[in-house]
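**Student:** quick one, fold the following:
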Amino acid sequence: MQNDFIESTRKQFEYYKLLGDKTMQQLSDEQLFWSYNEESNSIATIVKHLWGNMLSRWTDFLTTDGEKESRNRDAEFINDATTRQEVLEQWEEGWTCLFQALDALSSDDLTRIIYIRNQGHTVTEAIHRQLAHYPYHVGQLVFIGKMLATQWTSLSVPRGKSSDFNQEKFSQPKLRAHFTDEILKKT
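**Tutor:** Numbering: from 1, shown residues only. Just a heads-up that it's a prediction; the model follows:
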């Protein structure tokens, strides 16, 4: 059961990473840096924040506080990336750090206490905390992407296609699958 939790968690994180990947693929370099106003964040800024959070939370995950002294959270909201390549490098580095930490976990680790800002969490609680945080920001990326893309390709069931999608699903035998598989089939 506990190994299923780690595997399921990884799949959920992979799904949200994939949504971000597919959103950024649909945008021009210029659009990655667009923001609605001075109080809103561009996709590049959101990526920088996720990157900073992921490196802080997942580096030495089991042995050091998740809020690293080296982290400058406020600076994460001042975008200094100037190219798509820089944005994508941060994106990949953050997710790589997360996945390496998850892959190193054993089922025995799930009940261990770790700290984030000096507050104790079980590893399971800490994972849930980030599994709520990252999709929040990926949703922002997708929302901005849908506003900016000149021709948006749906990342899930396209509008007006729910009936067709359901009909196709119910015509198949029951099987255990993950929604990520559905997105991958579309590519």
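**Student:** what packs against the helix or strand harbouring E125?
**Tutor:** Using DSSP states H and E, E125 falls within helix 123-148. Contacts defined by 3 or more C-beta pairs under 8 Å, 6 or more residues apart in numbering; DSSP states H and E place helix 123-148 against helix 2-25, helix 43-58, strand 113-116. Every residue, glycine included, has its C-beta placed from N, CA and C.
**Student:** could I get the ones you listed as CSV with mean neighbour count?
**Tutor:** Formatted as CSV, these follow (neighbours: other C-beta atoms under 10 Å):
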stretch, mean neighbour count
helix 2-25, 17
helix 43-58, 23
strand 113-116, 16
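**Student:** between those, which gets nearest to A101?
**Tutor:** helix 43-58 (4.0 Å; C-beta to C-beta).
**Student:** how far off helix 123-148 does that closest one point, in degrees?
**Tutor:** Between helix 43-58 and helix 123-148, the angle comes out at 170 degrees (axes from the mean of the first three to the mean of the last three C-alpha atoms, to 10 degrees).
**Student:** can you tell me what sits against the following helix or strand past helix 43-58?
**Tutor:** Next helix or strand after helix 43-58 toward the C-terminus (DSSP H and E): helix 84-104. With contacts defined as C-beta atoms under 8 Å, 6 or more residues apart in numbering, helix 84-104 is touched by 6, 9-10, 13, 17, 20-21, 24, 29, 32, 43-44, 47-48, 50-55, 57-59, 61, 81, 127, 130.
**Student:** just stretch 37-49 next, same as before
**Tutor:** 20, 23-24, 27, 31-35, 73, 76-81, 87, 90-91, 94, 137, 140-141, 144-145.
**Student:** go on, stretch 127-139?
**Tutor:** By C-beta under 8 Å, 6+ apart, stretch 127-139 touches 9, 12-13, 16-17, 19-20, 46, 49-50, 53-54, 57, 98, 102, 116, 121.
**Student:** which parts of that stretch are buried?
**Tutor:** Within stretch 127-139, the residues scored as buried using 16 or more other C-beta atoms under 10 Å are I127, Q130, Y134, P135, H137, V138.
**Student:** distance of the second one from Y136?
**Tutor:** Going from Q130 to Y136 by C-beta to C-beta, to the nearest Å gives 10 Å.
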